[in-house]
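Undergrad: Structure, please.
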Amino acid sequence: PVKQVTPPLILGVLKKAAEKNGVSVMEEAKRTLFGIFELAAETFRVAAYNVENYLDQTTETRRNVKSAEAKAKVRETILAMKPDVIAFEEMGELSALLELRDSLKREGLDLPNYEHVGGWDTNIHVAVLSRFPIVACRSHTNESFLLGGRRFHVSRGFSEVDIKVNDKYQFTLIGAHLKS
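TA: Presented below is the predicted three-dimensional model:
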């Protein structure tokens, strides 16, 4: 469970720590605040979003591009989430991802690093935008599975990226559109 950090909560923690350690509340406040700021610097937000056919051009099998109004709603939703990293399902071509990235930047959310992964479905893909550097990419574009004695190919690839948050921490993000 997440606790809301309020002044009374902080003061209570400081008083308990000061009593336990025999230091002043001011000394404990300095030590604790440095720890809180260090923790805040390490906190980040990861999101996933099915953008439902975010196409910027028609294809052989898909005739409808995302309207300007629908694109604005997608941006509004992403801006409200304030992600540091976001994985997308049903993204169009690379040009659609870059258009979304650039429009988000114009509206105040800079996610300069990206990965775009295709698959058997040549129309919609999975993708990642990140504020942090993507230091490794292992795209999975030719995966298959056996179901009821039949072999099926996954329609869209899987993105697997290593993201470096800082010098002490990096993580691996796997993006998939499981319906495919």
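
Undergrad: what separates stretch 45-63 from the chain centre, distance-wise?
TA: 16 Å (C-alpha atoms, centre = their mean, to the nearest Å).

Undergrad: ok, now stretch 167-176?
TA: Counting by C-alpha atoms, centre = their mean, stretch 167-176 comes out at 10 Å from the chain centroid.

Undergrad: just stretch 69-86 next, same as before
TA: Relative to the chain's own centre, stretch 69-86 is displaced by 11 Å; criterion: C-alpha atoms, centre = their mean.

Undergrad: just stretch 165-180 next, same as before
TA: Centroid separation for stretch 165-180 versus its chain: 8 Å, with C-alpha atoms, centre = their mean.

Undergrad: So which bits of it are buried?
TA: For stretch 165-180, the neighbour count (16 or more other C-beta atoms under 10 Å) marks Val165, Leu173, Gly175, Ala176, His177, Ser180 as buried. Placement of C-beta: from N, CA and C, glycine included.

Undergrad: Poorly predicted segments of the protein, please.
TA: Where the chain drops to pLDDT under 70, the residues are 1-11, 13-14, 17-18, 21-42, 179-180.

Undergrad: where do the strands sit along it?
TA: With strands called from DSSP state E, the chain shows them at 46-54, 85-91, 113-117, 125-130, 134-137, 144-147, 150-153, 159-166, 169-175.

Undergrad: Which neighbours in the sheet does the first one have, and how are they oriented?
TA: The strands that strand 46-54 pairs with in its sheet are strand 85-91 (parallel) (by DSSP bridges).

Undergrad: Repeat that for the fifth one.
TA: Strands adjacent to strand 134-137 in the sheet, as given by DSSP bridges, are strand 159-166 (antiparallel).
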